[in-house]
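Engineer: Need coordinates for the following:
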Amino acid sequence: MRRLNRIKRPVKSPKNNSIIDRILLNLYDSVDYGFSYRVKKGLYIDDLFHNSRWKKFDKKQLHKSLGNLKRSNFIIEKEDYDGSVIVLLSDKGKLRALDLRFKQLKSKKGDWDGKWRMVFFDIPEKCRKGRDAIRYRLKMAEFYELRESVFIFPYDCEKEIRDFIKLFKLEKYIWFGVLDFIDGGEYIAGLFKLK
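Structural biologist: Prediction:
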């Protein structure tokens, strides 16, 4: 009898994805995207090992994950004047980290401050890719679509929205606002199960 060779398919380890997601989110949180005139902050690789959140990952796993992120062009490494290496997100890495952030917004719970975050846009056809991308992420995070291209969300999401707008260069077409009151607010609060 002839034996059939089985094709081995790569299995993605959730543990490895957890490390990669953590690295991306850590870099996202540490990078200044230009809301001020300060010099961009990066993450020194050695800093990862001194933080208690990283103690459960060994250095080998962390370096392997950083290598995978670099090969996938999610991060770039720059040598600082003192010879240390600074790890920064590439645009591709920023988008991946933003996707993770929008997924986290979906499960955001806690005390509501009584304010509504409104995202509304009028994006021309020539920027359709950006329009589809913002609509997809707002729906992924479960924003409430009040009207076509007008979305409402109860929790703070300004950084994620502004970073997305900047990444896709849509500053002229997307607006963000914070409202104290909106008609039908009680109905929308019920949809979000707010207290």
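
Engineer: mind listing what's buried in the helix or strand hosting Lys70?
Structural biologist: Secondary structure assigned from DSSP states H and E places Lys70 in helix 59-71. Buried positions in helix 59-71, judged by neighbour count with 16 or more other C-beta atoms under 10 Å: Leu62, Ser65, Leu66, Leu69. C-beta: built from backbone N, CA, C; applies to glycine.

Engineer: Isn't the third one up against Ile76?
Structural biologist: No - counting by C-beta atoms under 8 Å, Ile76 is not a contact partner of Leu66; they are 11.4 Å apart.

Engineer: now the strands for this structure?
Structural biologist: In the chain, the strands defined using DSSP state E lie at 43-44, 75-79, 85-89, 116-121, 144-147, 150-153, 174-179.

Engineer: any chance of the ones you listed in TSV, with mean pLDDT too?
Structural biologist: Shown next, in TSV, are these (pLDDT from 0 to 100):
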stretch	mean pLDDT
strand 43-44	54
strand 75-79	79
strand 85-89	76
strand 116-121	97
strand 144-147	94
strand 150-153	97
strand 174-179	96
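
Engineer: Just put those in JSON lines and tack on distance to Tyr28 and mean neighbour count.
Structural biologist: Below are the strands of the chain laid out as JSON lines (distance: least, C-beta to C-beta, whole Å; neighbours: other C-beta atoms under 10 Å):
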{"stretch": "strand 43-44", "distance to Tyr28": "10", "mean neighbour count": "17"}
{"stretch": "strand 75-79", "distance to Tyr28": "11", "mean neighbour count": "14"}
{"stretch": "strand 85-89", "distance to Tyr28": "6", "mean neighbour count": "19"}
{"stretch": "strand 116-121", "distance to Tyr28": "19", "mean neighbour count": "19"}
{"stretch": "strand 144-147", "distance to Tyr28": "25", "mean neighbour count": "13"}
{"stretch": "strand 150-153", "distance to Tyr28": "19", "mean neighbour count": "20"}
{"stretch": "strand 174-179", "distance to Tyr28": "18", "mean neighbour count": "14"}
